[in-house]
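Participant: Okay, sequence plus prediction incoming.
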Amino acid sequence: MSHALATAADADPVAWVRDLRVHFTNGRRHVAALRGVSLELRRGEVVGLVGESGSGKSVLGLSLLGLLPESAAVAGDVVVDGVDMRRDTTHRREARRKSIAAVFQDPMTSLDATMRIGRQVRAAVDTDDAVSQALQAVAIHDVEHRALAFPHQLSGGLRQRVVIAMAASRSPKVLVADEPTTALDVTVQAQILLLLDSLRRDHGCGLLLITHDLGVAAEIADRLVVMYRGTIVEQGPTADVLARPAHPYTQHLVANRLLIGRALAPQVTSDDPSPGTAVDEIDGSCVFIGRCAHRVDACAVAPAPTIDGQRLVACHRHPIGHRQPPVVDEGSPVRVRSGSSRVAATLDDIRVTFASGRGRRRRTIDAIRGVSLELRRGECLALVGESGSGKTTALRAVAGLLPAGVMAGRITVPEGRPQVVFQDAGSSLTPWMTVGQLLHDRLVGAGVHRDRHDALIAAALKETGLPDNVLSARPRELSGGQRQRAALARAVIVPPPLLLCDEPTSALDASLVTNVLALLDRIRCDLDIATMIVTHDLGVASALADEVAVMYLGRIVERGRTEDVLGAPQHPYTQSLLASLPGTGLPLRPPSGEPPSAVSDIVGCAYRNRCPHAIAACASRVAHLVDLDGHLADCELVGAG
Amino acid sequence: MNRLSLAVRTARPSRRWERRWSLRGGHLSIASAAAVTVLALLGPMLAPHDPLERAGESFTRPGRDFWFGTDDVGRDILSRVLNGVRTTWLAAVAVVLLGVLIGGAVGLVAGAGGGRVDRVLMAVTDLFLALPAPLLAIATVAALGPSLQSTLIALSIVWWPYYARLARAEVRIQATRPHVEAARLTGIGRIRLGVRHLLPGAVPTVLVAATLDVSVVILTLASLSFLGLGAPAPSPELGAMAARGASTVLDAWWIATVPALVVLVLGLVAALAGDATRDLVGARR
């Protein structure tokens, strides 16, 4: 496609849905996935479709592709490039071949694991030459070599590039990207977002970017569409919606974005939307009524969307004419140190080496290459880094969960055992036991006398904001937020000296993240315990931590107070991580390449291959942290070594 | 919207009916298995005649006096079958139950213990798995003399290893799940960890395998006693009765056919109940 087409955005939408309703029947449960959605997509336009799980955003994407399962009851129109994707089955195949393409979340499942990359791409294009063209177009170098690889031999980022290459190879008019970067590291995510943005410019295709992450949508979308429970609640130009959100749900999302340097917003809505709801439950009323803090009597009737220019909002109380700016505290977080000086944990030159295979096949991986830390009571430290940086291994080392014999160095936790809140809190709760039994087991394990159990359990529920009736509920009967709270309750029912959290928010919907973070923060203050949070999300670190330690290939490359490290990063790696955050309004500048996997025998600075400022001396650097008034960085260019 | 709601309305009742029916079918099979168990327990009391004594003319056709006829020495087949059901059904359940208990314990210890414990226990299990069931039965009967007890001992010896392997595999899978790691961090003891956080995860799989197995044991028991490796001559055992009647099946079809049909029904009830258990457990998971 020519550039001319791309710049002159067509007035007619290339794809549209009108009053689309999709229902699923699952056993006796009857779920409305879409409740009358209308949307238009023009050429060269990026529409960011934002919503939490169960909002129906993926169903909308599948409807456009004509891929809804047979079991779905559908009403309404779906038209892509003039083809009725619902009824016109003869032309649908043609439309899929020529007009519309898709990129899904997990590239490993969208690629055929048994087929070499070259052959898979060949299936999407006409000639052999087109294969290498398609791969080069998505900035895959060394095409001959890569084309012979199997999907599992490529990194996640490269796999997603291959999927995008196949999707873009026919210059589709519409590209549906469903959470294309969710499984990727933030640095790779930035690279993929830049790639998708360039595709839109080069091919002039319309891009429907489905994501749960407001930042990702804000980065490249021209228009934002916010969905809640199968309804579009708000829609409009990205900058306008972010600056002046009109619907209470959008206001909540915008106010709760984790931005570097912004304090945690107070809780705006109640917890826990249950994903998908039986039709009868909310038929007729506003979809947001259950969680809305501003509801009025009129909300018992679903509001008709108000349209004002390019803006659309479905709310009785916020017609666009009188929209109010949300109250957002832009001030930097105020941290109250408890002033305690009791040491909670000390790590002294921790090294972790994993070995696989035997004899000549033996390989060793240095997951951690010398980490020293000290944590005090009441203090919160965030370990950040890409996957493979060793941050989770560090957490497991402190928790005592590593197999015997892989660790060298000394970890001391003077006042008892640390407790862990695992990444997926739901699966860390034994599925056949009730929350009450689980809490009880922790009390037994801690050797608490029977007489005190009931009082402690009641206190823990109160502390974590759980209702009493969860005691007799099994984990699968709880909502995502409640599971997280239950896991937290078990961890702190007997206050540990140190609480370790592994990606505490990555399994949660955006609207719950701040609630959980606020809870973590409060518990830390109330119980005066040290917390160590492992996260890939700098926003989480910024919201919670007093101190941040940035890890790269098993070493801490920068450490210091949160304001210093995230506000004035010294190490080029930290700088790149910050420049990879989407939706900040600054241009994305991700580091080149992918996070390397840990290997043995690293000589010199481990980051020098990806570093834009690398100099000759980096190759022979002996790793050590340079102290700049409490702000430590491991770089040749910092403090003149 | 109209068309949609119409589609939904027509689709709904049939689905619901289908679901209810399949659940009913499942409950029915389990209920009939329970009924067979009751019958097995009460069978001898319901029997109109002594199963070992002559009750009438030899080779009496099934009729008013003898519902299933009499055999070559004039014993009442109904009474003999009722007693046979008791032996076969209870023996099959006992073999499976014993297997689940021994196998489950071995599997739990091996799976949770890991390392050397696991290797030794699994080597022993494999040793028993390698024994061919009929040969072992013949050997046991040769050693202990032909009796139902010997057959049961032989069957139990070869039966438990399956459950041991199954339980171990399930426990191993559970052990890699985050909830076990989390439970370990609570500081509870090993036994509490195994019994409360590991074992219940293995129960559904083993339970399903065990219920499905009851029918296999019934058939195996019947085959062994058909070969003369079960209870000795006069005692009412279904396989042996069928074997005895086989020579006269052309003149007096009922002597062999009735016990054979009862074996068929017992096997069927057990298998259907096993299927139903699997569906119910699967639906719960």
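Facilitator: Structure's in. What do you need?
Participant: Might one say that residue B:63 is in contact with residue B:69?
Facilitator: Yes. Contact criterion C-beta atoms under 8 Å: residue B:63 and residue B:69 qualify, at 7.4 Å. Backbone N, C-alpha and C define where each C-beta goes, glycine included.
Participant: Of these two, which one has the most company?
Facilitator: More crowded of residue B:63 and residue B:69, by other C-beta atoms under 10 Å in any protein chain shown: residue B:69, with 21 against 9.
Participant: Quick one: residues contacting that one.
Facilitator: B:59, B:60, B:61, B:62, B:63, B:77, B:252, B:254, B:255, B:258 (C-beta atoms under 8 Å, 6 or more residues apart in numbering or on different chains).
Participant: could you redo the last one with a cut-off of 6 Å?
Facilitator: By C-beta atoms under 6 Å, 6 or more residues apart in numbering or on different chains, the contact list for residue B:69 reads B:60, B:61, B:62, B:77, B:254.
Participant: Helices of the stretch 1-150 of chain B, residue ranges please.
Facilitator: Taking DSSP state H, counting those that start in this stretch, the helices of the stretch 1-150 of chain B run over residues B:2-46, B:77-113, B:115-129, B:133-144, B:148-175.
Participant: Just the buried residues from the contacts of residue B:69, in PyMOL please.
Facilitator: In PyMOL syntax, the buried subset of the contacts of residue B:69 is picked out as below (16 or more other C-beta atoms under 10 Å in any protein chain shown):
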select buried, chain B and resi 60+77+254
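Participant: Reformat the contacts of residue B:69 as a markdown table; add distance to residue B:264 and pLDDT.
Facilitator: As requested, the contacts of residue B:69 are exported to a markdown table (distance: C-beta to C-beta, whole Å; pLDDT from 0 to 100):
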| residue | distance to residue B:264 | pLDDT |
| --- | --- | --- |
| B:60 | 23 | 76 |
| B:61 | 21 | 78 |
| B:62 | 17 | 81 |
| B:77 | 16 | 83 |
| B:254 | 15 | 84 |
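Participant: Quick check: the two most widely separated of the contacts of residue B:69?
Facilitator: Farthest pair in the contacts of residue B:69 (C-beta to C-beta) is B:61 and B:77. Separation: 10.9 Å.
Participant: what helix or strand does the residue nearest to residue A:124 when sequence neighbours are not counted sit in?
Facilitator: The shortest distance from residue A:124 to any non-neighbouring residue, by C-beta to C-beta, 6 or more residues apart in numbering or on different chains, is to residue A:166 (4.3 Å). Taking DSSP states H and E as the definition, one finds residue A:166 inside helix A:156-168.
Participant: Look up the pLDDT of the closest residue to residue B:58 other than its chain neighbours for me, please.
Facilitator: Among residues not flanking residue B:58 along the chain, residue B:74 sits closest, at 4.5 Å (C-beta to C-beta, 6+ apart). For residue B:74, the pLDDT comes out at 79.
Participant: Any figure for the gap between residue B:74 and chain A?
Facilitator: For residue B:74, the distance to chain A (C-beta to the nearest C-beta, to the nearest Å) stands at 57 Å.
Participant: what residues are up against that residue?
Facilitator: Neighbour list for residue B:74: B:54, B:56, B:57, B:58 [criterion: C-beta under 6 Å, 6+ apart].
Participant: roughly how far apart are it and residue B:100?
Facilitator: Going from residue B:74 to residue B:100 by C-beta to C-beta, to the nearest Å gives 42 Å.
Participant: Equivalent analysis for residue A:214, please.
Facilitator: Remark: distance between residue A:214 and residue B:100 (C-beta to C-beta) = 53 Å.
Participant: cool, residue A:146 as well?
Facilitator: 53 Å.
Participant: okay, these two: which has more neighbours?
Facilitator: Per other C-beta under 10 Å, whichever of residue A:146 and residue B:100 has more neighbours is residue B:100, with 24 against 20.
Participant: Report all helices and strands that the helix holding residue A:166 contacts.
Facilitator: When contacts are defined as 3 or more C-beta pairs under 6 Å, 6 or more residues apart in numbering or on different chains; DSSP states H and E, helix A:156-168 packs onto strand A:100-103, helix A:107-110, helix A:117-124, helix A:186-203.
Participant: Quick check: which of the ones you listed is nearest to residue A:178?
Facilitator: strand A:100-103 (7.0 Å).
Participant: How far away from the center of its chain is the closest one?
Facilitator: 22 Å (C-alpha atoms, centre = their mean, to the nearest Å).
Participant: What residues does the stretch 151-285 of chain B have near chain A?
Facilitator: In this structure, the stretch 151-285 of chain B approaches chain A at residues B:178, B:179, B:182, B:185, B:186, B:187, B:188, B:197, B:200, judged by C-beta under 6 Å from any C-beta of the partner chain.
Participant: which residues does residue 260 contact?
Facilitator: Chain wasn't specified; assuming chain A. Contact analysis of residue A:260 by C-beta under 6 Å, 6+ apart lists A:542, A:566.
Participant: you looked at the wrong chain, it should be chain B
Facilitator: Here residue B:260 is in contact with residue B:242 (C-beta under 6 Å, 6+ apart).
Participant: near chain B, which residues of the stretch 51-200 of chain A show up?
Facilitator: So far as C-beta under 6 Å from any C-beta goes, the stretch 51-200 of chain A lies against chain B at A:73, A:75.
Participant: Please identify the residues of the stretch 351-500 of chain A in proximity to chain B?
Facilitator: Neighbours of chain B within the stretch 351-500 of chain A, by C-beta under 6 Å from any C-beta: A:420, A:422, A:427, A:428, A:429, A:430, A:432, A:441, A:442, A:444, A:445, A:446.
Participant: Just the ones in helices from the residues you listed, please.
Facilitator: A:441, A:442, A:444, A:445 (DSSP state H).
Participant: export these to a markdown table and tack on pLDDT and neighbour count?
Facilitator: Below are these laid out as a markdown table (pLDDT from 0 to 100; neighbours: other C-beta atoms under 10 Å in any protein chain shown):
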| residue | pLDDT | neighbour count |
| --- | --- | --- |
| A:441 | 93 | 21 |
| A:442 | 94 | 25 |
| A:444 | 93 | 17 |
| A:445 | 91 | 20 |
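Participant: now, which of those residues sits nearest residue A:375?
Facilitator: Ranked by distance to residue A:375 (C-beta to C-beta), those are led by residue A:442 at 22.0 Å.
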